[in-house]
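> kindly generate the corresponding structure for this input.
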Amino acid sequence: MQINWAEFSLDMSFLVGMLIVVAALPMMLANGFVMGVSSILGGLLGKAETKNWRLAFIAGSFLAIMCASLKLGSVLKVVVIKAQLKRTFTKPLPLFLLWLFGMYFPFDHTGAAMAANPVCKVEAKVCAWTDKIVGVKTPNMVASGFQISPDLIVTNRHVAEDHLRVLVRNAEGKVQSAVSLPHDFPADLVLLRMEDSQPDLKFKIELTQQKSEKLYVVAFDQGRNGPRIYTPGAFAHYPDTATLPQARIHTDARALPGNSGGAVVDEHGRLLGVLASGDGKLSEVIPAEHINAVMRQTDNKHQADFLKQAKALRICADTLYFATQIPRDPPVPLVSKINSNCKKARNKQLYDQAGQLFGKWWMFDESEKFLLRSQKLDPDSPNTLMSLAVTYHLNRTPEKELPVLKRYLQINPSNPQALRLGIQTAGMLKDKEFADEVLALMRVHNPAALPLAESFVKEAFAD
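Here you go, the predicted model:
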């Protein structure tokens, strides 16, 4: 992104600084949250041409806090008596220090600093995972990871990409630099070691053989700027990891963008996997046993191939992100770039995203190719199966859509979109048996849609 410095005026920066502070004050009063300006303050040490607007922004926010404090007296909830507070705001140095303090530290309604972690209301062994969670920051994203030893962190390959160094922030707020360790195992995992450390890789994580349905995602939450335990899931579908190393656990455990690399544990706090992706509805989880395989196959001799694939991951992901802004008829060089780099990335999630994008562009042949690549890696992925069903539906190939929908409904029979597509496909193919199966599922999972579905089936089979 390029900033048009000619249009980025000092008076506008000053005004924006004041407006942001005014907007932040109600949040301070209601929730105890305040704004942070660490990146803006840090930028004062950077390029000279960016300093003027940063200074103007800070001056505006400083003035807004001063005015609000003089008016309201106790807005900042500093632990001093009112008389002391009034005197404080007449002295420049204490006021400046108070402003800095207010920028960086949230307060609760009594004036005490907020706890880093809220009270944990689940099993203690699940709560304990919050101490192991780290935030991972790269030039492209903020994601998650977790410690398996003091100097060793697990996260996703698609998080670290080909960046030589990343920043990690632990649960105590300590920020350190870390580097990726090359390996040749195909799962979307990577180990990060703290820079200047030499962690031991000759150990094995103890894992459970039990397969729980109730899974928790424990990951770094960007909104809270710390670890969080998300709402557990009610179902989980486990893959055959021996024959399908890129297949994932599929669950309805809640997760959000930015949680990739977080730990996934059962109700007893036993590690079951590493979150690969989540959209708030369905989450994909890399089985935890692959962490041990990655440790066994980590070796510097894999560096060249590892970085080559990691570069393709980055280029593919960046290109797909940019390309989503194009509604139709993408330029040929862009299509070529996606095809080339996303194939080299060899990543199930990116195969899905590429297939979905080509489907959006009505390029159904390319869409099918990428989604079939993904399905080969993970035959029971609900995301892949649904994307493939939609591609076949839009391309009017119901004979291909039928087996995909049947498999999807075996895994997730409550999905309204899958049920609707099932009724329509059964009608197009005159498949009464499948229509009856879908109607039976609707009676259980989506009874509100049943009358319309029954009417459609009656009409479809009338002749």
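> tell me the secondary structure at M295.
helix (DSSP: H, G, I helix; E, B strand; the rest coil).
> how near is it to R346?
Going from M295 to R346 by C-beta to C-beta, to the nearest Å gives 20 Å. C-betas here are computed from N, CA, C, even on glycine.
> what of L371?
Distance from L371 to R346, by C-beta to C-beta: 15 Å.
> tell me which of the two has more neighbours.
More crowded of L371 and R346, by other C-beta atoms under 10 Å: L371, with 29 against 18.
> ok, the more buried one - contacts?
Going by C-beta atoms under 8 Å, 6 or more residues apart in numbering, L371 touches Y351, D352, G355, T384, S387, L388, T391.
> so A219 is in which element?
Using DSSP states H and E, the element containing A219 is strand 215-221.
> report the mean per-residue pLDDT for the helix or strand that that strand is followed by.
For strand 215-221, the following helix or strand on the C-terminal side (DSSP H and E) is strand 226-229. Averaged across strand 226-229, pLDDT comes to 94.
> other SSEs contacting whichever helix or strand comes after strand 226-229?
Per DSSP H and E, strand 226-229 leads on to strand 236-237 as the next helix or strand towards the C-terminus. Under the contact definition 3 or more C-beta pairs under 8 Å, 6 or more residues apart in numbering; DSSP states H and E, strand 236-237 sits against strand 249-251.
> give me the sheet partners of the strand it packs on and which way each runs.
Sheet pairing here is set by DSSP bridges, and for strand 249-251 it gives strand 236-237 (antiparallel), strand 283-287 (antiparallel).
> centre of the chain to that strand, how far?
How far strand 249-251 lies from its chain's middle: 15 Å, per C-alpha atoms, centre = their mean, to the nearest Å.
> strand partners of the very next helix or strand once past it, parallel vs antiparallel please.
Later in the chain than strand 249-251, the nearest helix or strand by DSSP H and E is strand 263-266. Strand pairing for strand 263-266, using DSSP bridges, gives strand 215-221 (antiparallel), strand 271-278 (antiparallel).
> if we can go back for a sec, go through the contacts of L371 and flag which are in helices.
Judged by DSSP state H, the contacts of L371 include Y351, D352, G355, T384, S387, L388, T391 as members of helices.
> export the residues you listed to JSON lines and append columns for distance to C342.
Formatted as JSON lines, the ones in helices among the contacts of L371 follow (distance: C-beta to C-beta, whole Å):
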{"residue": "Y351", "distance to C342": "7"}
{"residue": "D352", "distance to C342": "10"}
{"residue": "G355", "distance to C342": "9"}
{"residue": "T384", "distance to C342": "14"}
{"residue": "S387", "distance to C342": "14"}
{"residue": "L388", "distance to C342": "16"}
{"residue": "T391", "distance to C342": "16"}
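> burial count for I291?
Neighbours around I291, by other C-beta under 10 Å: 22.
> surely it is in a strand?
No - counting by three-state DSSP, I291 is not found in a strand; it is helix.
> let me see the contact set for it.
Contacts of I291 by C-beta under 8 Å, 6+ apart are I148, V154, L189, I205, V274.
> re the thing from before, which PyMOL command selects the buried ones in the ones in helices among the contacts of L371?
Remark: buried members of those, expressed as a PyMOL selection using 16 or more other C-beta atoms under 10 Å:
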select buried, resi 351+352+355+384+387+388+391
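> which outside residues touch stretch 447-463?
416, 419-420, 423-424, 426-428, 430, 432, 435, 438-439, 442-443.
> go with 7 Å
P416, I423, G427, K430, K432, A435, L439, M442, R443 (C-beta atoms under 7 Å, 6 or more residues apart in numbering).
> shaky segments in the chain?
Residue ranges of the chain with pLDDT under 70: 1-54, 56-57, 60-118.
> now the closest residue to D200 other than its chain neighbours: phi and psi?
Leaving aside its sequence neighbours, D200 sits nearest to S149 (C-beta to C-beta, 6 or more residues apart in numbering; 7.2 Å). Main-chain torsions, S149, degrees, to the nearest 10: phi -160, psi 170.
> over to S197?
phi -120, psi 160.
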